[in-house]
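A.B. asks: Quick one: sequence and predicted model below, then my questions.
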Amino acid sequence: MKKSILNLGKALNKSEQEQINGGKPIECYSNPICPPYGCCIVYGSVCEVIDEGGCF
């Protein structure tokens, strides 16, 4: 069982990990799927505002 769990997928490179984890917070206005204010994290095609005041 342990061997089958360890072989479920391939190792992801840093770029692929950032896409899944949302990467780094960005200024929302820099992504067209986000609102024009605040600090956001993008998960695939979803934009989540994490701070309405902006990124620091």
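C.D. replies: The structure has been received and is ready for your questions. Numbering: from 1, shown residues only.

A.B. asks: low-confidence ranges in the chain?
C.D. replies: Where the chain drops to pLDDT under 70, the residues are 1-9, 11-12, 14-23.

A.B. asks: could you pull out the strands for it?
C.D. replies: Here the chain has its strands, by DSSP state E, at 26-27, 39-43, 46-51.

A.B. asks: which stretch among those comes nearest residue 33?
C.D. replies: strand 46-51 (5.0 Å; CB to CB). C-betas here are computed from N, CA, C, even on glycine.

A.B. asks: So which elements touch the closest one?
C.D. replies: strand 39-43 (3 or more CB pairs under 8 Å, 6 or more residues apart in numbering; DSSP states H and E).

A.B. asks: Show me what the strand it packs on is packed against.
C.D. replies: Using 3+ CB pairs under 8 Å, 6+ apart: strand 39-43 touches strand 26-27, strand 46-51.

A.B. asks: Which neighbouring elements make contact with the shortest one?
C.D. replies: With contacts defined as 3+ CB pairs under 8 Å, 6+ apart, the secondary structure elements packing on strand 26-27 are strand 39-43.

A.B. asks: what's next to the strand it packs on, contact-wise?
C.D. replies: By CB atoms under 8 Å, 6 or more residues apart in numbering, the residues outside strand 39-43 that reach it are 20, 22-28, 31, 33-34, 47-56.

A.B. asks: try stretch 49-56
C.D. replies: Against stretch 49-56 from outside (CB under 8 Å, 6+ apart): 25-28, 34-35, 37-41.

A.B. asks: Kindly give a single ChimeraX line that selects the buried subset of these.
C.D. replies: Selecting only the buried entries of the contacts of stretch 49-56 in ChimeraX, with 16 or more other CB atoms under 10 Å as the criterion:
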select :25,26,28,34,38,39,40,41
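
A.B. asks: Can you tell me which of the contacts of stretch 49-56 is nearest residue 10?
C.D. replies: residue 41 (24.3 Å).

A.B. asks: Tell me the bridge partners for the closest one.
C.D. replies: residue 48 (DSSP bridges).

A.B. asks: again with residue 26
C.D. replies: residue 40.

A.B. asks: if I pick it, what's in contact with it?
C.D. replies: Taking CB under 8 Å, 6+ apart as the definition, contacts of residue 26 comprise 34, 39-42, 55.
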